[in-house]
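Enquirer: Build me a structure from this.
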Amino acid sequence: MLAAFPPGKTPPVEEVTLRTERDMEPNLREPLSEGWKPVYALPRIGQGTEV
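Expert: Numbers count the residues shown, from 1 in each chain. Take a look at the predicted model:
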């Protein structure tokens, strides 16, 4: 795992989530920087969204 994704490198967004890179861009910014959003700000998608 560390050989494929060394510290500071993230895997391609499309390979690890159902969301697009455009949707995830604010969440992948440095925390507390301009335009950053916490992961809890993502809208729910998929099963269980009707809760």
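Enquirer: ok, residue 27 to residue 3 distance?
Expert: Distance check for residue 27 against residue 3: by Cβ to Cβ, to the nearest Å, it reads 25 Å. C-beta here means a position set from N, CA and C on the backbone, and glycine is covered the same way.
Enquirer: The two: which has the busier surroundings?
Expert: residue 27 (17 against 5; other Cβ atoms under 10 Å).
Enquirer: residue contacts, the more buried one?
Expert: Neighbour list for residue 27: 36, 37, 38, 39, 41, 42 [criterion: Cβ atoms under 8 Å, 6 or more residues apart in numbering].
Enquirer: Tell me the backbone dihedrals of it, please.
Expert: Residue 27 adopts backbone torsions of phi -80, psi -20, taken as degrees, to the nearest 10.
Enquirer: can you pull the pLDDT of it?
Expert: Residue 27 carries a pLDDT score of 90 in this model.
Enquirer: again, but for the one 5 residues further on
Expert: Residue 32 is assigned 94 on the pLDDT scale.
Enquirer: oh, and call the first residue 25 from now on, that's how I've got it
Expert: In the new numbering, first residue 25, that becomes residue 56.
Enquirer: Now name the helix or strand holding it.
Expert: Residue 56 is part of no helix or strand, with elements assigned from DSSP states H and E.
Enquirer: Against residue 62, how distant is it?
Expert: 10 Å.
Enquirer: These two: who's more crowded?
Expert: Under the criterion of other Cβ under 10 Å, the comparison of residue 56 against residue 62 puts residue 62 first, with 10 against 7.
Enquirer: who's in contact with the more buried one?
Expert: Shown in contact with residue 62 (Cβ under 8 Å, 6+ apart): 51, 55.
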